[in-house]
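Undergrad: Okay, predicted coordinates and the sequence, questions at the end:
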Amino acid sequence: MLRDLATRSDVAPWAVASMVFFIVAFSLVVLRAWSLTREEDRARARLPLEPADAADGGTGDAHG
């Protein structure tokens, strides 16, 4: 039943296009991760722990 629906509705090109899009996006993410330098990797690892801006007095608490 699903095979008949898929062949009659011509969704195969959309399925192929979505798979190609996924593979390209995943490949770009992997290449970007591999191209990071050690310093960039360490800076990104510390990013969530650093305060958002200096206006909060360096406490890391954005609410005051």
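TA: Thanks, I have the structure now.

Undergrad: okay, which residue is most central for this structure?
TA: In the chain, the residue lying closest to the centroid (C-alpha atoms, centre = their mean) is residue 29, at 6.9 Å.

Undergrad: Can you give me the pLDDT of residue 57?
TA: As predicted, residue 57 sits at a pLDDT of 54.

Undergrad: hey, which helix or strand in the protein has the poorest pLDDT?
TA: Least confident helix or strand of the chain, by mean pLDDT, DSSP states H and E, is helix 2-9 with a mean of 72.

Undergrad: which SSE is the residue nearest to the centre of the chain in?
TA: Using DSSP states H and E, residue 29 sits in helix 12-35.

Undergrad: what's downstream of that helix, the next helix or strand?
TA: Using DSSP H and E, the first helix or strand after helix 12-35 is helix 38-46.

Undergrad: Quick one: work out the angle between that next one and helix 12-35.
TA: With axes from the mean of the first three to the mean of the last three C-alpha atoms, to 10 degrees defining the directions, helix 38-46 sits at 110 degrees from helix 12-35.

Undergrad: How about residues contacting helix 38-46?
TA: residue 36 (C-beta atoms under 8 Å, 6 or more residues apart in numbering). For every residue, glycine as well, the C-beta is placed using N, CA and C.

Undergrad: Any idea how many residues pack against residue 51?
TA: By other C-beta atoms under 10 Å, 13 other residues sit near residue 51.
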